[in-house]
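Q: Let's see this in three dimensions:
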Amino acid sequence: MRLDRFLANLPCYNRQQVRLLLVQQRVRVDGMVATDPRQEVREFSRVEVDEQVLQAGRPARYLMLHKPSGCVSATQDPQHPTVLDLLPAELREDLHIAGRLDYNTTGLMILTNDGQWSRRLTQPKTKLPKIYHVQTEDEIGEHYVAKFREGFYFAFEDLTTLPAQLDILGPRQARLAIVEGRYHQVKRMFGHFDNKVVGLHRERMGYIGLDPALAPGEYRELTAEEIASV
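A: You can find the predicted model right below:
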């Protein structure tokens, strides 16, 4: 929300008073004097007028997790362990998953309480590639590459997938870059060739790559540079 609108929505200020507060440099957002009425105020922002705190804000959290096989991408599940179960209890509150992975898929998972940021990371319109290492049951033919670039028609959703880049690494291994996250998308793409995916590992989301120092089940905070890259 714009700063001037945020202030004007409070019962203590009208629009004229808000303009005056900004001109007089009496408003601070996250500790910095704010004079631009268009400045964005988010749920994580601390907003003060003089010495009065109008919104205390709350800390934004951005975590990278190395998801192991055998846990579900959910905040709770009655039958299986979830990715949140891998975190200390004090970190779990309000977190959601930015880009889910299947039960047996491993690799990079991002958890955050910042919905606006996670939407930028996962929405197809941002065209941030998600990079996967894929292992298949049968050999991967060179003719796969053109089909992945062309797209696959998914009858259930009545859509054609966006172009994807497939790099063949070996007879049964490939690296795949996609910008969508359809249901079982990678498995369905290879299923077009009746080739079963037997191993799937997410290496990267946009500019954020899985930290090689993280063992399966381990996590760390994202760096400021990683957060700003989205």
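
Q: Surely residue 225 forms part of a strand?
A: No - with DSSP: H, G, I helix; E, B strand; the rest coil as the criterion, residue 225 is located in helix rather than a strand.

Q: State the distance from it to residue 209.
A: 12 Å (Cβ to Cβ, to the nearest Å). The way it works is simple: take the backbone N, C-alpha and C, and place the C-beta from them, glycine included.

Q: got the contact list for residue 23?
A: By Cβ atoms under 8 Å, 6 or more residues apart in numbering, the residues touching residue 23 are residue 35.

Q: Check it and give its pLDDT.
A: What the model reports for residue 23 is a pLDDT of 95.

Q: and it, backbone torsions?
A: Main-chain dihedrals, residue 23, degrees, to the nearest 10: phi -60, psi -40.

Q: May I have the strand or helix carrying residue 187 as PDB, with CA atoms only?
A: Following DSSP states H and E, one finds residue 187 within helix 185-191. Extracted in PDB, the C-alpha atoms of helix 185-191 (Å, rounded to 0.1, in the frame of the first residue of the first chain):
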ATOM      1  CA  GLN A 185       4.900 -31.400 -15.000                       C
ATOM      2  CA  VAL A 186       8.300 -32.900 -15.500                       C
ATOM      3  CA  LYS A 187       7.100 -36.500 -15.200                       C
ATOM      4  CA  ARG A 188       4.200 -35.800 -17.600                       C
ATOM      5  CA  MET A 189       6.600 -34.200 -20.100                       C
ATOM      6  CA  PHE A 190       8.800 -37.300 -20.100                       C
ATOM      7  CA  GLY A 191       5.700 -39.500 -20.000                       C
END
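
Q: immediately after it, which helix or strand?
A: Helix 185-191 is succeeded, C-terminally, by strand 197-205 (DSSP H and E).

Q: who does that following strand pair up with?
A: Using DSSP bridges, the strands paired with strand 197-205 in its sheet are strand 106-112 (parallel), strand 130-136 (antiparallel), strand 208-209 (antiparallel).

Q: could these go into TSV alongside mean neighbour count and mean pLDDT?
A: Output for those, formatted as TSV (neighbours: other Cβ atoms under 10 Å; pLDDT from 0 to 100):
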stretch	mean neighbour count	mean pLDDT
strand 106-112	22	97
strand 130-136	20	98
strand 208-209	18	98
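
Q: Number of residues surrounding residue 144?
A: Residue 144 has 20 neighbouring residues, counting by other Cβ atoms under 10 Å.

Q: For the helix or strand harbouring it, C-alpha coordinates in CSV please.
A: Taking DSSP H and E as the definition, residue 144 sits inside helix 143-150. C-alpha atoms of helix 143-150 as CSV (Å, rounded to 0.1, in the frame of the first residue of the first chain):
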residue,chain,number,x,y,z
HIS,A,143,14.5,-35.6,-30.6
TYR,A,144,13.3,-34.8,-27.1
VAL,A,145,15.0,-31.4,-27.2
ALA,A,146,12.9,-30.0,-29.9
LYS,A,147,9.7,-31.2,-28.3
PHE,A,148,10.5,-29.7,-25.0
ARG,A,149,11.2,-26.4,-26.8
GLU,A,150,7.9,-26.7,-28.6
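
Q: After that helix, heading C-terminal, what element do we hit next?
A: strand 153-154.

Q: Now do the helix or strand following that next one: which elements does it pack against?
A: Next in sequence after strand 153-154, counting helices and strands by DSSP H and E, comes strand 159-160. Applying 3 or more Cβ pairs under 8 Å, 6 or more residues apart in numbering; DSSP states H and E, we find strand 159-160 packed against strand 153-154.
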